[in-house]
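>>> just a sequence and a predicted model for now, questions to come.
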Amino acid sequence: MVHRNTSPSFIDILGDIPYKPWSQLTMLVLEEQGVDKCVTKPMVSPTDEKENRLAMAIIFKRLNSEMRAKYAYYTNAYDLWERIKFDHDDTEWTVVKLINRTRYLRITSMSDITRFIEELNDIKSQLEVFGLPLPDVYYQATLVGELPCQMGWEAAKITHAGLSFNQACELVLRSVRQETEKAQIIKSKSKPKGDWDNKPKSNPHSRSKNEKKKYTKGRKPKRSE
């Protein structure tokens, strides 16, 4: 829902705010004046000229000086509205980029799954803001296609149990948490090294002090030259 400042002195200028909110706010003013039809369909009758001029004035008032000069030769509100949309609305390109992002998301390890689901949900939310939500089956297929082999059971359940995308995410994240907890338990149960393990190991080829004394007893010391 678009909220606007109702102060008479406040005007939303295209360029100061992005095109999407600008067009929504300007459309609200056109609707309040009863001339919104002038920008939704071409003018077909000369009797619409008065409404057309009012719509043009409302639109031009919300353009900066550079844009007013650029569009000064327009005399039809519908054509002006469509041209501004063509020049400034990047919604379509943004949507294409968002959809392409889903195609390049990858899961390379179990630790990537949480990040993958967060990014996929972020793309889903942004597309819904643009009013172009994709069906759940698209996100489900994207998720299942990237799950590692050890999550084959979860992939099969998502595919055949008729789960929604949110339910599929909950199922996968629950499995990730369980695997993480299991790994932590195994790690905590592993035997820590005690003092015995830290003792230096004896060398079987080294002689004890007594053996060395016994071996050297009765021998004359070697003269030094």
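In hand now; what should we look at?
>>> mind listing residues that contact stretch 144-163?
With C-beta atoms under 8 Å, 6 or more residues apart in numbering as the test, stretch 144-163 has contacts from 105-107, 109-110, 113, 116, 140, 143, 168, 171-172, 175. Any C-beta I mention is one placed from the backbone N, CA and C, and that applies to glycine too.
>>> just checking, which of these belong to helices?
113, 116, 140, 143, 168, 171-172, 175 (DSSP state H).
>>> just checking, what packs against the helix or strand encompassing residue 96?
For residue 96, the host element (DSSP states H and E) is helix 91-104. Counting contacts by 3 or more C-beta pairs under 8 Å, 6 or more residues apart in numbering; DSSP states H and E, helix 91-104 packs against helix 113-129, helix 136-146.
>>> rebuild those helices as TSV, extending it with mean neighbour count.
Output for these, formatted as TSV (neighbours: other C-beta atoms under 10 Å):
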stretch	mean neighbour count
helix 113-129	15
helix 136-146	17
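>>> between those, which one is closest to residue 101.
helix 113-129 (5.6 Å; C-beta to C-beta).
>>> that closest one vs helix 91-104, what angle?
160 degrees (axes from the mean of the first three to the mean of the last three C-alpha atoms, to 10 degrees).
>>> so which residues make contact with helix 113-129?
95, 98-99, 101-102, 105-107, 133-134, 139, 142-143, 146-148, 165, 169, 172-173, 176.
>>> care to break the protein down by domain?
Split into domains by automatic domain parsing, the chain comes to 19-88, 91-189.
>>> same question for the shortest one, mean pLDDT?
Averaging pLDDT along domain 19-88 yields 89.
>>> coming back round to it: redo the domains of the chain as CSV? Include distance to residue 12.
Output for those, formatted as CSV (distance: least, C-beta to C-beta, whole Å):
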stretch, distance to residue 12
domain 19-88, 5
domain 91-189, 18
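>>> where exactly do the helices run in the chain?
Counting by DSSP H, the chain has helices at residues 19-32, 37-40, 49-61, 65-70, 77-88, 91-104, 113-129, 136-146, 152-160, 165-189, 195-198, 209-216.
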